[in-house]
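Chemist: compute the structure for the input listed below.
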Amino acid sequence: MTAAGVDVGKDFLDLAIDGRARTTRFSNDAAGRRKLIRGLAGLEDAFVVVEATGGYEDALLDACVDAGLHVARINPRQSNAFARAIGELAKSDAIDARLLCLFARLFRDRLRCHVPAPPWQRELRAWLRRRGQVVMTLQVQKQQADRAPPAVRTLIHRTVAALRRELAAIEQAMQVLVDANGTPAIRSSKGMGPIFQATSLALLPELGTLNRRQIAKLVGVAPMARDSGHSQGKRRIRGGRASMRVALYMATLSAGRCDPAMKAHYRQLRDRGKPAKVALVACMRKLLTIVNARRRDELRASGELAPD
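Modeler: From the prediction side, this is the model:
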């Protein structure tokens with residue numbers, strides 16, 4: 001196995017290959033990616049690691065998969081922690097590429113190869129991203145309207161009306177994709193509204209393929225141990241996919257009002273002395289576990305997932 005790391009920027013790709021002292025720079029366009037792929041294709045069993053950079057890495061990931069290369073994308077928090085762990089305080093594109101190369105060599109067995117998302121899922125992610133931007137802008141405009149003079153308030157109201165029309169169009173487009181690609185599992189409990197369904201389909205493709213502990217950790221609702229010696233710290237959730245966690249939180253709030261079973265579970269936890277937030281996170285974890293189990297049964301019934 002030959003490890004390689006690529007530092008992805010808006011304009012450039014810096015490639016570091018295990019055993020080579022120098023890094024190579026390519027342009028981050030179609031021609032540059034082709035040259036980079038040709039250089040990697042000649043290596044024996046190449047394994048490439050890139051860092052998530054807000055979408056600038058997507059084209060490279062797809063090109064590597066199309067060329068039959070093994071490639072993994074890691075969270076920037078992982079690479080930053082790795083740099084601190086090995087005492088690398090300097091930062092440059094070449095240094096980052098070499099760090100990713102070393103990361104690939106040391107942790108290949110712990111990394112999951114990138115699987116390209118189908119076109120409908122990419123489109124749904126783009127709609128979700130745009131919806132978030134519109135919702136945030138709407139909140140800002142409404143807050144400004146409260147303090148604005150009448151003439152300015154009139155303009156703000158026009159902007160708010162336009163944003164509401166755009167939001168309605170976005171949600172309609174999302175609903176079309178959810179109706180075409182959704183499954184009964186993500187609609188199987190009360191509280192699972194259109195936004196939860198869309199977020200699950202777009203941001204949690206692993207649903208049904210992981211066990212309950214793995215899926216809870218992936219979303220960020222698993223309590224993490226903080227023990228050392230004889231001391232036992234409080235468990236807290238951390239990490240995970242924030243957007244999915246927000247959608248799960250809202251679905252759980254709705255389920256807690258409408259679903260008798262979820263309401264009883266929350267009440268039982270509160271009666272046992274659990275703080276309100278702890279009880280709510282436990283309900284989030286329970287709802288996620290239910291959806292994950294139902295999705296797993298669907299995959300097994302269709303033959304997409306092998307039985308245990």
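
Chemist: for the protein, which spans come out with low pLDDT?
Modeler: For the chain, residues meeting the criterion pLDDT under 70 lie at 308.

Chemist: give me the most central residue, it.
Modeler: In the chain, the centroid-proximal residue (CA atoms, centre = their mean) is R241; its distance is 4.6 Å.

Chemist: packing partners of the helix or strand hosting Q214?
Modeler: For Q214, the element it lies in under DSSP states H and E is helix 212-219. Where contact means 3 or more CB pairs under 8 Å, 6 or more residues apart in numbering; DSSP states H and E, helix 212-219 is packed against helix 242-258, helix 276-302. C-beta coordinates here come from the backbone N, C-alpha and C atoms, glycine included.

Chemist: a markdown table for the ones you listed, including distance to A264 and mean neighbour count?
Modeler: Output for these, formatted as a markdown table (distance: least, CB to CB, whole Å; neighbours: other CB atoms under 10 Å):
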| stretch | distance to A264 | mean neighbour count |
| --- | --- | --- |
| helix 242-258 | 10 | 19 |
| helix 276-302 | 10 | 18 |
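
Chemist: all helices of the stretch 101-250 of the chain, in order?
Modeler: Per DSSP state H, counting those that start in this stretch, the stretch 101-250 of the chain carries helices over the ranges 119-147, 150-181, 194-203, 212-219, 242-258.

Chemist: hang on, the earlier thing: and the helices and strands packed on helix 212-219: which comes nearest G39?
Modeler: helix 242-258 (35.2 Å; CB to CB).

Chemist: who does the helix or strand that the closest one is followed by touch, helix- and strand-wise?
Modeler: Counting by DSSP H and E, the next helix or strand C-terminal to helix 242-258 is helix 260-271. Where contact means 3+ CB pairs under 8 Å, 6+ apart, helix 260-271 is packed against helix 242-258, helix 276-302.

Chemist: any chance of those in TSV, with distance to V219 too?
Modeler: Below are these laid out as TSV (distance: least, CB to CB, whole Å):
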stretch	distance to V219
helix 242-258	5
helix 276-302	6
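
Chemist: which one of the ones you listed lies nearest to A162?
Modeler: With CB to CB, the closest approach to A162 among the helices and strands packed on helix 260-271 belongs to helix 242-258: 24.7 Å.

Chemist: could you give the angle of that closest one to helix 119-147?
Modeler: Compare the direction of helix 242-258 with that of helix 119-147 by axes from the mean of the first three to the mean of the last three CA atoms, to 10 degrees and you get 70 degrees.

Chemist: out of the helices and strands packed on helix 260-271, the one nearest A222 is which?
Modeler: helix 276-302 (7.2 Å).

Chemist: next, the angle from that closest one to helix 212-219.
Modeler: Going by the same axes, to 10 degrees, helix 276-302 makes 120 degrees with helix 212-219.

Chemist: just how off-centre is helix 276-302 within its chain?
Modeler: For helix 276-302, the distance from its own C-alpha centre to the chain's C-alpha centre is 17 Å (CA atoms, centre = their mean, to the nearest Å).

Chemist: circling back to that earlier point, so which of the helices of the stretch 101-250 of the chain is the most packed in?
Modeler: helix 194-203 (a mean of 22; mean count of other CB atoms under 10 Å).

Chemist: dump that helix to CSV, restricted to CA.
Modeler: Output of helix 194-203 as CSV, limited to C-alpha atoms (Å, rounded to 0.1, in the frame of the first residue of the first chain):
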residue,chain,number,x,y,z
PRO,A,194,-40.6,16.8,5.8
ILE,A,195,-37.4,18.4,7.0
PHE,A,196,-36.4,15.4,9.1
GLN,A,197,-37.1,13.1,6.2
ALA,A,198,-35.1,15.3,3.8
THR,A,199,-32.2,15.7,6.2
SER,A,200,-32.1,11.9,6.9
LEU,A,201,-32.0,11.1,3.2
ALA,A,202,-29.4,13.8,2.3
LEU,A,203,-27.1,13.7,5.3
